[in-house]
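**Q** Return atomic coordinates for the entry below.
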Amino acid sequence: MVSLGLAYQFTDAFTGRVGYNHGKNPIPDLNVNYLWPAIVEDHYTVGFGYAFSKQSQLNFALSYVPEVNVTSGPMTIEHSQMNWQLMYSYSF
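**A** Alright, predicted model coming up:
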């Protein structure tokens, strides 16, 4: 498995982030199940954080998984994924 990540603080307030993860498909083709398509091998991520103050910040993350296919007998499973998160935090 390979996991790489980088965060760079462009200014005191703005931080950019990128990442990559590669791992072997954990489910043998013979045991694959369409209800649990945990067959992905590559994940790409990008995000940023913006600090309005020491107590207040906004963070965004985007994750992308390209399509993968697994065939087991008469069944072929295809899976891809894209998700994002937007989070506002306030520390007391």
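
**Q** Please identify which helix or strand holds the residue nearest the centre of the chain.
**A** The residue lying closest to the centre of the chain (Cα atoms, centre = their mean) is residue 63, at 3.5 Å. Using DSSP states H and E, the element containing residue 63 is strand 56-72.

**Q** Check which strands are paired with that strand and give the direction for each one.
**A** Next to strand 56-72 in the sheet, as set by DSSP bridges, lie strand 42-51 (antiparallel), strand 75-90 (antiparallel).

**Q** Leaving out chain neighbours, which residue sits closest to residue 82?
**A** Here the nearest residue to residue 82 in space, its sequence neighbours aside, is residue 64; by Cβ to Cβ, 6 or more residues apart in numbering that works out to 5.1 Å. Heads up, the C-betas are built off the backbone N, CA and C, glycines and all.

**Q** hmm, back to that, figure out which of the strands paired with strand 56-72 is closest to residue 13.
**A** Counting by Cβ to Cβ, residue 13 lies closest to strand 42-51 out of the strands paired with strand 56-72; the figure is 4.8 Å.

**Q** Which residues belonging to the closest one are considered buried?
**A** Buried positions in strand 42-51, judged by neighbour count with 16 or more other Cβ atoms under 10 Å: 43, 47-49, 51.
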